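Q: missing the sequence, but the structure's below:
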Ligand code: FES
């Protein structure tokens, strides 16, 4: 199966309730410049912007799908693929790099069996390497959703993964 066909098959398996998108669209439908709030709203609801939702938004707001995809691909805040319940971010800024961030990143890769910007098949985790998180004094630094973990070690990676593996998704 080619990569494109595989990707299409994967997307077709996603069942999306468009009524959720319609609620968001209805809220902003009469407001000028509503594209960004609508896209942010649908992403908040679904956790990402499914292709079928992007096309539905285009149709309902009477804009070209290419305009929607232009916005979705320009702004890093938007995601076109499902994301994990737990977003793990490891800082690879200079201070964290000097304190061993590479080893922390590699340990997460080994434990989660995913790489940068990837999501586990069960949608538990998404992993991202990020630039300076602004807390260099705590280097090397990791975050899981809003929780911050300073002074990261291989042992702490183990503890974090064990902890979050037990949490419901
Ligand atoms: S370099 Fe990692 S928090 Fe600043």
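A: Everything's here; your move. What you are looking at is a predicted structure, and each value in this text was computed from that prediction instead of being measured.
Q: closest to the centroid, which residue in the chain?
A: residue 83 (4.4 Å; C-alpha atoms, centre = their mean).
Q: give me the below-cutoff pLDDT ranges for the protein.
A: Along the chain, the parts satisfying pLDDT under 70 run over 1-14.
Q: shouldn't the residue nearest to the centre of the chain be within a strand?
A: No. Assessed with DSSP: H, G, I helix; E, B strand; the rest coil, residue 83 is coil; it does not lie in a strand.
Q: hmm, it is touching residue 47, no?
A: Yes. Under the criterion of C-beta atoms under 8 Å, residue 83 makes contact with residue 47 at 5.5 Å. All C-beta atoms are positioned from the backbone trio N, CA, C, and that covers glycine.
Q: show me what contacts the residue nearest to the centre of the chain?
A: 47-48, 119, 123, 126 (C-beta atoms under 8 Å, 6 or more residues apart in numbering).
Q: so how far is the ligand from it?
A: Counting by C-beta to the nearest ligand atom, to the nearest Å, the separation of residue 83 from the ligand is 22 Å.
Q: alright, that wraps it up for me.
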